[in-house]
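# Give me a 3D structure for the following:
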Amino acid sequence: MNNRLLRTSIFLAAALVALPLLPIACRSADEDSGHTAAAAVTVPVFDENDSFRLLSEQCNFGPRVPNTSAHEKCAQYIIDNLKPYVDQTVTQNFPYDDTSRKVKLHLTNIMGIINPSGADKILLCAHWDTRPTADNDFTIANRNKPIPGADDGASGVAVLLELAKVFHATRPKAEIILAFWDGEDWGPDDAHMYLGADYFSRHPGVLKPNKAILIDMIGNAGVTVPREVYSDMKEHPLMDEFYGDAARLGYSKQFPNTAGLEITDDHWPMIESGIPTIDLIDFNYAYWHTLQDTPDKCSPDSLNVIGRALELFVYDQPA
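Residues are numbered from 1 along each chain as shown. As a prediction, the model looks like this:
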């Protein structure tokens, strides 16, 4: 996560057999009334503790800043954790010349695809890189140091990696693309950010989705995700669809159906390229862009809420 422009407005197949199952209510069309009725589907329960482990293991590499050893190790970690559970893994390797810092970045978008070549494509995404500078650290001397990125980066990745296991065990109807964007948080300003999402948006190929959800900064304890304003303005029906699913799970407290902030993030280049995308983000986080953005500030409960809501959204999608 970056120094954003803010506007106030307002693991293998055998192991899967042991996964607990839980019925969740999914939408089904009521042909007589035209209304929506609840239909039960049994799916593996999102494992919040395993997801938290995935968050912590990313942080154990250290800051995942582009062109560092930790960055390389984390890329391989994501691929290794995806491969057992997806039908295909795809990487997009691309350079980025930062002339202001006189450095050439070597960046990688990573994608795991389930049910490839489906007519309906749903993309869930998060960024996996971390901020090279702790711009908002409470100690001025720390502000040129890279952040640990527990909430700001690792939390979204952890949720998507855990969802790969769920979708492998019980297949959704639609094609699912789990995408991990690089270079989101390079900075220092918006002109040098959202690099992976922007690259994909210009080179989606056959992976261009019908709809997408971005998750960012969703692991902090007591997570609360109001409706991000730009998402709501541009993709209001998609926002309504997701927030309706969250409410049906009893998560209205965590997903209040109220306006939050307008935030620049990876959804901007995606929306602008014609990919309907909403951003789920809890920007009310005291440790944003500080050296205190560590796993102890995050919660398995928060990862669970996000993971379960995304489960229901995906299983609700048509073939």
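
# For my notes, confirm residue 199 occurs in a helix.
Yes - counting by DSSP: H, G, I helix; E, B strand; the rest coil, residue 199 is found in a helix.

# quick one: contacts for it?
92, 94, 107, 109, 183 (CB atoms under 8 Å, 6 or more residues apart in numbering). In this view, the C-beta of every residue, glycine as well, is placed from N, C-alpha and C.

# Pretty sure the fourth one sits against residue 178.
No - shown here, residue 109 and residue 178 do not form a contact pair, counting by CB atoms under 8 Å, at 11.4 Å.

# returning to that earlier point: in the contacts of residue 199, which residue is surrounded by the most others?
Of all the contacts of residue 199, the most densely surrounded is residue 183 (27 neighbours; neighbours counted as other CB atoms under 10 Å).

# Leaving out the residues flanking it, which one is nearest to that residue?
Excluding its sequence neighbours, the residue lying closest to residue 183 (CB to CB, 6 or more residues apart in numbering) is residue 195, at 3.0 Å.

# and what of residue 228?
Spatial nearest neighbour of residue 228, chain neighbours left out: residue 279 (4.5 Å); criterion: CB to CB, 6+ apart.

# Which of the three states applies to that neighbour?
Assigned with three-state DSSP, residue 279 falls in the strand class.

# Roughly how far does it sit from residue 267?
Using CB to CB, to the nearest Å, residue 279 is found at 4 Å from residue 267.

# Likewise for residue 59?
Residue 59 sits 25 Å away from residue 267, going by CB to CB.

# just to revisit the earlier point, if we take the contacts of residue 199, which one ends up nearest to residue 101?
Proximity of the contacts of residue 199 to residue 101 (CB to CB) peaks at residue 183, which lies at 13.0 Å.

# Show me the common contact partners of residue 279 and residue 267, please.
Counting by CB under 8 Å, 6+ apart, the residues touching both residue 279 and residue 267 are 214, 228, 230-231.

# Show me which pair in those residues is furthest apart.
214 and 230 (11.1 Å).

# quick one: which of the two has more around it?
When residue 214 and residue 230 are compared for neighbours, residue 214 comes out ahead with 28 against 20, by other CB under 10 Å.

# Please compute how far the helix or strand that one falls within lies from its chain's middle.
Using DSSP states H and E, residue 214 maps to strand 211-216. The chain centroid and the centroid of strand 211-216 are separated by 6 Å under CA atoms, centre = their mean, to the nearest Å.

# and the angle for that strand with strand 277-281?
Angle between the axes of strand 211-216 and strand 277-281 is 20 degrees (criterion: axes from the mean of the first three to the mean of the last three CA atoms, to 10 degrees).

# who touches the helix or strand that strand 211-216 is followed by?
Next helix or strand after strand 211-216 toward the C-terminus (DSSP H and E): helix 229-234. Contact with helix 229-234 is made by 7, 9-10, 238-239, 259-264, 267-268, 271, 276-279, as judged by CB under 8 Å, 6+ apart.
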